[in-house]
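>>> The sequence and its predicted three-dimensional model are supplied below.
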Amino acid sequence: MKNTKLLNFILSTLSGFVDTAVFVYMGGLFVAHVTGNFVLLGATLGRGLGAHADIGGEHASTAVLQLSSFPLFVLAVIAAAVIAGRAGGGRPGTRRLLAAATALFLLVTIAAFAIGPRADTASAMVLVVAMGLLNAAHRLEPGMGPPFTVMTGNVTGFAVALAHALHLAPKPPAPKSQAGTAVPASLAATLWTAAAPVAGFLAGCLLGALAQAHLGLGAMVVPVVLMTVALLVAV
């Protein structure tokens, strides 16, 4: 896929934006990193049993949303596999999933401005589906680069690359070309490959926190713009 690095950076920024904006606005709900909801759900239930865990917010049904997000996310990924498969997989399948996610972000944006807070709960679940499609797109098309919704592996990769750069650990063997000869990788390129999605995700987190404070879920207009750019890049 052409423009892989740019596409990965855009989607990393978008993922940080969406997850942070929804998490803050909904008082503790992950829509991209859904397994984090298990931790929050445990804290919420623990608070009910007397533990000191002030997780929640003005949305009283957050615990229900945390519990509901996981099966909904799984169903979204299954649907993504079907959608991509019927498009023939590869680039056509990826573009179809990106387009579907864009439509869902647009739907949430319209609902936020046309209906207001009454649509928040349904909109949050729509965003779980949208991020499920994007998570699946990466898994179904490895050519999209490093993971762009969960940063733990990318941070680990960057730390390992940094250890090699500082000569604190021996460098791994260079990958082989088709001719069987070693292909040396630029140290700067290796570090950037590992760091770029993390930088984009962090930038998205900051922007998402700021945007939701002023627009609520209407902040999803930013992902609509980012996804439009991503669709143009993923050609």
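That came through fine.

>>> Next SSE downstream of the lengthiest helix in the chain?
Longest helix in the chain, counting residues (DSSP state H): helix 187-215. Where DSSP states H and E defines the elements, the next helix or strand beyond helix 187-215 is helix 221-233.

>>> now that following helix and helix 187-215, what's the angle there?
140 degrees (axes from the mean of the first three to the mean of the last three CA atoms, to 10 degrees).

>>> Could you give the average pLDDT over the longest helix of the chain?
Mean pLDDT, computed over helix 187-215, is 86.

>>> packing partners for that helix?
In this structure, helix 187-215 makes packing contacts with helix 4-25, helix 152-165, helix 221-233, judged by 3 or more CB pairs under 8 Å, 6 or more residues apart in numbering; DSSP states H and E. For the C-beta atoms, the positions are set from N, CA and C on the backbone; glycine is no exception.

>>> Lowest mean pLDDT across those, which one is that?
The lowest average pLDDT among the helices and strands packed on helix 187-215, as it happens, falls on helix 152-165, at a mean of 78.

>>> Could you list the buried residues of it?
If you call a residue buried by 16 or more other CB atoms under 10 Å, then helix 152-165 has these buried ones: Asn154, Gly157, Phe158, Ala161, His164.

>>> how about that helix as PDB, C-alpha atoms only?
The C-alpha coordinates for helix 152-165 follow below in PDB (Å, rounded to 0.1, in the frame of the first residue of the first chain):
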ATOM      1  CA  THR A 152       2.000  -0.500  24.200                       C
ATOM      2  CA  GLY A 153       3.800  -2.500  21.500                       C
ATOM      3  CA  ASN A 154       4.900   0.600  19.600                       C
ATOM      4  CA  VAL A 155       6.300   2.200  22.800                       C
ATOM      5  CA  THR A 156       8.100  -1.100  23.500                       C
ATOM      6  CA  GLY A 157       9.500  -1.200  19.900                       C
ATOM      7  CA  PHE A 158      10.700   2.400  20.300                       C
ATOM      8  CA  ALA A 159      12.400   1.700  23.600                       C
ATOM      9  CA  VAL A 160      14.200  -1.400  22.100                       C
ATOM     10  CA  ALA A 161      15.300   0.700  19.100                       C
ATOM     11  CA  LEU A 162      16.600   3.400  21.400                       C
ATOM     12  CA  ALA A 163      18.600   0.800  23.400                       C
ATOM     13  CA  HIS A 164      20.200  -0.300  20.100                       C
ATOM     14  CA  ALA A 165      20.800   3.300  19.100                       C
END
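
>>> Alright, calling it a day.
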